[in-house]
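**Q** Here is my input, please return the structure:
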Amino acid sequence: MRSYANRPAFQQTAAAELNSVLGRPAEEEAQPAPTLCRAQSCGRTFDRIFRQPSEKREPATTVRPWEELEGSAVSTAWDDVLSRARWWRTCMGAELEPPLESGAIALVDAGWLVELADAGGVLPPRQAAPPEAFLSLDEIRMMSPEGHCAGYERISLRIICVSHTWLEPSHPDPFGYNLRRLGRALKLLLESPHHCGRWGVFIDWISLYQACRAPDGTPQPSCCAPDGTRGRRLPAEDALFRQALGCLGLFYSHMATHVFKLTSFPPAYPGAPYTLPPTANVAEYDGRGWCFCESSWASVGNKCPDLVIDLHDTHGSDMAGGDTGEADCWASLLRAGQLRRDPPVSPARFEAELASRTFTNGKDDKPLVAKLYRDGFVERIGACARLVFAGHGWGPPEVATLAETLSTGCARNLQLLVLLSNPVGDGGARSIAGMLRHLPKLTMIIMGNATIGEAAAAALRAECEAREVDLRMISKVGERMWWGLCASVHSVHDALGLE
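**A** Below is the predicted model:
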């Protein structure tokens with residue numbers, strides 16, 4: 001088949017249509033990939049299209065000229081490119097682009113991580129990682145929708161944010177224990193017919209610039225040189241690191257990103273072979289400040305419950321990286337690691353609970369983490385016109401926590417609240433009624449009524465009527481109906497004219 005690169009009219013029309021799909025002005029040039037991120041240019045359709053010259057582009061047409069010039073095979077391939085670009089925009093992938101474009105954050109190719117884990121390797125810091133470990137922004141944009149290979153799509157991106165404990169202050173995983181656990185999970189994911197294709201992974205150690213350079217500027221495998229000297233970052237790397245810190249909440253709280261939690265320790269930890277100073281942080285996952293912050297971020301916004309899983313012991317990898325075979329496919333691993341999502345907590349409550357968590361460098365990190373959570377929370381919740389908390393199994397205590405959070409005035413733009421498939425009970429109904437005065441733009445609530453008594457339901461209806469909130473109480477929402485209800489919720493949302 002002849003290359004489309006030899007046909008200028010096709011190139012220009014293709015670039016114009018793709019820019020239209022991505023919401024990019026026709027005259028805007030694609031930005032170069034971040035430092036250390038790979039951009040394949042050897043005939044790759046995606047990268048060439050993103051990098052077409054902007055002059056004399058033809059507008060998109062209903063009948064595409066390249067269909068006749070190149071035949072049905074190229075037309076089908078181009079439709080696939082447009083489908084992926086539309087999906088990136090539909091899932092609000094553009095929210096994640098600024099730190100990826102600047103190079104502050106780099107996503108790692110999941111296939112590369114699997115190969116490193118299988119080889120018994122240890123995760124290097126970003127400065128010491130090879131360029132082929134990373135994905136370019138164009139490659140990230142063009143990752144197919146989840147389930148694309150199986151003929152269906154769901155609201156999620158092929159981006160995984162890993163939340164893990166640091167096992168030593170100078171290296172989070174010096175013997176590859178967590179890498180082997182993560183690599184096994186990623187391998188099962190990539191082997192699944194519903195999830196085949198490329199995935200990007202965020203892991204702080206390799207995705208952010210680390211203080212791992214020796215005095216002469218060469219990168220070291222850890223934050224400490226063999227003589228015990230602490231490493232450093234170059235000034236440009238330090239600036240990008242600080243930019244990345246302010247964007248972490250966007251990645252963990254994004255409605256379409258996956259979050260993998262590595263919550264268990266190696267069997268002998270903190271004993272040999274680990275070498276820990278007396279002040280090292282050896283608290284469990286839930287007792288660590290950064291882990292608590294990442295988990296809390298994952299509970300903010302509209303993330304589906306099955307996008308957050310715990311890899312605590314779902315596949316039984318041992319210290320040497322061997323697999324005990326407890327999970328032989330992605331579906332069984334997902335069932336074993338499924339987590340019940342917690343309701344979002346307000347910044348004030350988060351800061352109060354953070355006081356009991358420990359840090360390796362608590363004096364500096366504790367106020368920093370509190371500020372980062374507050375900024376991420378306000379940005380995510382404050383911008384939401386719709387919050388969907390369906391199928392989480394929340395009872396009165398969890399609904400009370402949600403009501404406490406929304407009563408702080410953080411969600412003043414909220415117009416639609418969905419609480420389907422949650423046994424809220426009478427106590428939850430009273431909590432919902434009490435928070436309505438703090439949500440001036442709320443237009444509709446959709447929830448179940450199977451666990452609410454008549455008196456509590458009547459009181460909630462009266463409060464909603466007084467505040468002109470349309471209350472839709474649905475009885476016995478079946479588990480298999482949930483995805484269909486999601487579609488209807490989006491339809492209701494559109495019909496109300498919500499943005």
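
**Q** Could you verify my assumption that residue 255 touches residue 90?
**A** No: taking CB atoms under 8 Å as the definition, residue 255 is not a contact partner of residue 90, at 11.0 Å. Just so you know, the C-beta spots here come from the backbone N, C-alpha and C atoms, and that holds for glycine as well.

**Q** what do these two both touch?
**A** residue 155 (CB atoms under 8 Å, 6 or more residues apart in numbering).

**Q** who's more crowded, the two?
**A** Ranked by neighbour count (other CB atoms under 10 Å), residue 255 and residue 90 place residue 255 first, with 20 against 13.

**Q** since we're on the nearest residue to residue 391 once chain neighbours are set aside, how many residues are nearby?
**A** Closest residue in space to residue 391, ignoring its immediate chain neighbours: residue 421 at 4.3 Å, by CB to CB, 6 or more residues apart in numbering. Residue 421 has 22 neighbouring residues, counting by other CB under 10 Å.

**Q** Can you give me the separation between residue 421 and residue 393?
**A** 8 Å (CB to CB, to the nearest Å).

**Q** ok, the residue lying closest to residue 191 once chain neighbours are set aside - how many residues close by?
**A** Nearest non-adjacent residue to residue 191, counting by CB to CB, 6+ apart: residue 330, 7.1 Å away. As a burial measure, residue 330 scores 19 neighbours (other CB under 10 Å).

**Q** So, low pLDDT: which residues of the stretch 1-150 of the chain?
**A** Counting by pLDDT under 70, the stretch 1-150 of the chain has low-confidence residues at 1-80, 144-150.

**Q** And this structure, split by domain according to the record?
**A** 4-90, 94-379, 384-495 (automatic domain parsing).

**Q** wait, what's in contact with the residue nearest to residue 395 when sequence neighbours are not counted?
**A** In space, and not counting its chain neighbours, residue 395 is closest to residue 423: 5.3 Å by CB to CB, 6+ apart. By CB under 8 Å, 6+ apart, the contact set of residue 423 is 393-395, 448, 450-451.

**Q** and of these, the nearest to residue 302?
**A** residue 394 (14.9 Å; CB to CB).

**Q** Shouldn't that closest one be within a strand?
**A** No: Residue 394 is assigned coil when assessed by DSSP: H, G, I helix; E, B strand; the rest coil, not a strand.

**Q** tell me the contacts of it?
**A** 343, 402, 419, 422-424, 428.

**Q** switch to 6 Å and redo it
**A** Shown in contact with residue 394 (CB atoms under 6 Å, 6 or more residues apart in numbering): residue 422.

**Q** Against residue 365, how distant is it?
**A** For residue 394, the distance to residue 365 - CB to CB - is 31 Å.

**Q** any idea how far the residue nearest to residue 191 is from residue 291?
**A** Taken as CB to CB, the span from residue 330 to residue 291 is 24 Å.

**Q** And residue 159, by the same measure?
**A** Residue 159 is 19 Å from residue 291, by CB to CB.

**Q** Settle it for me: which of these two has more neighbours?
**A** More neighbours surround residue 159 than the other of residue 159 and residue 291, with 24 against 21 (other CB under 10 Å).

**Q** what's the pLDDT at that one?
**A** For residue 159, the pLDDT comes out at 96.

**Q** Then residue 268?
**A** Predicted confidence (pLDDT) for residue 268: 87.

**Q** Ok, residue 382 next?
**A** Reported pLDDT for residue 382: 87.

**Q** Next up, the contacts around it.
**A** residue 410.

**Q** Just want to check the distance between it and residue 347.
**A** Residue 382 sits 11 Å away from residue 347, going by CB to CB.

**Q** ok, now residue 239?
**A** Distance of residue 239 to residue 347, given as CB to CB: 26 Å.

**Q** So which of these two has more stuff around it?
**A** Higher neighbour count among residue 239 and residue 347: residue 347, with 21 against 14, using other CB under 10 Å.

**Q** That one contacts residue 379, correct?
**A** No: Residue 347 lies out of contact with residue 379 (CB atoms under 6 Å); the separation is 11.5 Å.

**Q** circling back to that earlier point, what about the residue nearest to residue 391, which SS state?
**A** coil.

**Q** Show the pLDDT at it.
**A** In this prediction residue 421 is given a pLDDT of 82.

**Q** Check the one 10 residues further on too.
**A** What the model reports for residue 431 is a pLDDT of 96.

**Q** do the same with the one 10 residues further on
**A** The confidence metric pLDDT takes the value 94 at residue 441.

**Q** Could I get the full set of strands for the protein?
**A** Using DSSP state E, the strands of the chain run over residues 108-109, 159-164, 200-202, 258-262, 308-310, 386-388, 416-419, 444-448, 470-474.

**Q** mind listing what's buried in stretch 196-211?
**A** 196, 199-211 (16 or more other CB atoms under 10 Å).

**Q** Looking at these, spot the one nearest residue 245.
**A** residue 208 (8.1 Å).

**Q** Centre of the chain to stretch 275-287, how far?
**A** Remark: stretch 275-287 is offset 26 Å from the chain centroid, using CA atoms, centre = their mean, to the nearest Å.

**Q** neighbouring contacts of that stretch?
**A** Here stretch 275-287 has contacts from 165, 169, 263, 270, 291, 357-358, 360, using CB under 6 Å, 6+ apart.

**Q** do that again at 8 Å, thanks
**A** Contacts for stretch 275-287 (CB under 8 Å, 6+ apart): 165-166, 168-169, 261-265, 269-270, 288, 291-292, 295, 356-360.

**Q** With stretch 446-465 instead?
**A** For stretch 446-465, using CB under 8 Å, 6+ apart, the contacting residues are 416-426, 428-430, 432-433, 436, 445, 470-477, 489, 492.

**Q** In PyMOL, select just the buried ones from these.
**A** Those of the contacts of stretch 446-465 that count as buried under 16+ other CB under 10 Å are selected in PyMOL with:
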select buried, resi 416+417+418+419+420+421+422+424+425+426+428+429+430+432+433+436+445+471+473+477+489+492
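
**Q** Residue for residue, what is the longest helix this structure has?
**A** helix 362-382 (DSSP state H).

**Q** OK, contacts around residue 274?
**A** Here residue 274 is in contact with 167-168, 174-175, 266, 268 (CB under 8 Å, 6+ apart).

**Q** Equivalent analysis for residue 332, please.
**A** Neighbour list for residue 332: empty [criterion: CB under 8 Å, 6+ apart].

**Q** How much space separates it from residue 192?
**A** In this view, residue 332 and residue 192 are 11 Å apart by CB to CB.

**Q** Ok, residue 264 next?
**A** 23 Å.

**Q** For residue 265, give its distance to residue 285.
**A** Taking CB to CB, one finds residue 265 at 8 Å from residue 285.

**Q** Give me the common contacts of these two.
**A** In contact with both residue 265 and residue 285: residue 165, using CB under 8 Å, 6+ apart.

**Q** Okay, buried residues for stretch 129-143 please.
**A** Buried residues in stretch 129-143 (16+ other CB under 10 Å): 129, 133-143.
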